[in-house]
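Engineer: Give me the fold of what follows.
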Amino acid sequence: MALLLHPIDLVTQHYNEFKQAEASVERIFELMAIAPSMQDKADAVELPTVTGKVEFQQVSFAYADNQPVIQDLCLRTYPGEVVALVGSSGAGKTTLMNLLLRFYQPHDGQILIDGVDIRDVKITSLRHQIGVVPQDTTLFSGTIAQNITYGRPALDPEAIQLAAKIANAHDFISQFSQGYQTWVGERGATLSGGQRQRVAIARAVVFNPRILILDEATSALDSESEALVQEALERAMQNRTVFIIAHRLSTVRRADTILFLEKGRILESGTHPELLEKRGRYASFYTQQFEG
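Structural biologist: Numbering: from 1, shown residues only. Model prediction:
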C-alpha cells in the first residue's frame, strides 16, 4: 500500500494535464487530416527554371461571397522588371499575388510564367521559383541558419552567408557569439523587428528565385530599421522580376511600372512621374500621404 500511494498521487496530479493534452492532440490530428484545396493535376509537370516573364490574361476571381475581387485583369511583366501594386485596402493587390502563388485558382482567365499556364505545373516547383517577403515575418524556434533555409535544410554555409549579405543581415548575425547557429525564440522573439525582416529577406533570396514578391515589407519598421531593410531590398531586387505591394508610396517611386488598382481593376499605370502628371487617382493618393 505504501508503494502504491506515490504513483496514485502522481496520476491524480497529472490527470487534468493529460485531459488537456488529449484535447490538444485531437485538434492537431483534425488539422493534419485536412486535405489542401489546391491539388496538382494528374499530368502536372515540373516548372523549369524561369526567366521571370509573368502574364495575367483576363483574370477574374471572387471569394465565397461571390463579390468579385479581381475583374477581367490583364497584365504583362518582363524579366527584371519592378512592378508596384498600389491602391486602397481591398483593391485586390494581395489577392493578385495569391493567385500567382496558386493559393487560389482564377475563376476566369489564365496566369502564365514564361508562357506556361501555372495550372499545368506542380505547385511545389512553382513556389520554389517565387520568393516572398511578407509584412508579418514568421520565424520559428531554431537557429538563424535554420530559419533562413526553412523548407530546404540541405544548403551549404556559403549560400546562407551570401543570402544574408544580400539581405544586410550578415553583420548583425556575425556579432552574435554563436553566429548563424544563434538560437532565436518562437516568432523570432530575441531579434528586433528590422533584424527579423532582414532574415525574412535572406530566406526569400537564398534559393535565388527569379520572381520576388514584397508585401508591405517595411510598413511596421522605424525609420532606422526601414533604411537598412530598404537597402537590403534594393540588392535583393537586382536581376529579378519584382512585385511590390505597398500603401506607403515612398517604397514604390523607383518602380519601372506602377499599377493603381481599384475594385480589382487597373485604373492607371505608368512610372511615378507619369502618374503624377496625369493628376488622377495615384496623384491624389500620393498627395494625401506627402502633402495633404
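Engineer: and residue 197, how many residues sit next to it?
Structural biologist: As a burial measure, residue 197 scores 30 neighbours (other CB atoms under 10 Å). From N, CA and C alone the C-beta is placed, and that goes for glycine too.
Engineer: Return the distance of it relative to residue 61.
Structural biologist: Separation of residue 197 from residue 61 (CB to CB, to the nearest Å): 29 Å.
Engineer: Could you pull up the residues touching residue 152?
Structural biologist: Shown in contact with residue 152 (CB atoms under 8 Å, 6 or more residues apart in numbering): residue 207.
Engineer: And the pLDDT at it?
Structural biologist: In this model, residue 152 is scored at 72, pLDDT.
Engineer: same deal with residue 144?
Structural biologist: Reading off the model, residue 144 has pLDDT 85.
Engineer: ok, it - contacts?
Structural biologist: For residue 144, the contact set (CB under 8 Å, 6+ apart) comprises 173, 176, 179, 180, 181, 182, 184, 199.
Engineer: Would you quantify the distance from the closest residue to residue 191 other than its chain neighbours to residue 158?
Structural biologist: The spatially closest residue to residue 191, leaving aside those adjacent along the chain, is residue 184, at 5.8 Å (CB to CB, 6 or more residues apart in numbering). Relative to residue 158, residue 184 is positioned 21 Å away (CB to CB).
Engineer: just residue 101 next, same as before
Structural biologist: Residue 101 is 28 Å from residue 158, where distance means CB to CB.
Engineer: which stretches of the stretch 1-150 of the chain form strands?
Structural biologist: Using DSSP state E, counting those that start in this stretch, the strands of the stretch 1-150 of the chain run over 54-62, 68-77, 82-86, 108-113, 116-117, 130-133, 142-143.
Engineer: Out of the ones you listed, which gets nearest to residue 216?
Structural biologist: Among those, strand 130-133 comes nearest to residue 216, with 9.2 Å by CB to CB.
Engineer: Give me the distance from that closest one to the chain's centre.
Structural biologist: Remark: strand 130-133 is offset 5 Å from the chain centroid, using CA atoms, centre = their mean, to the nearest Å.
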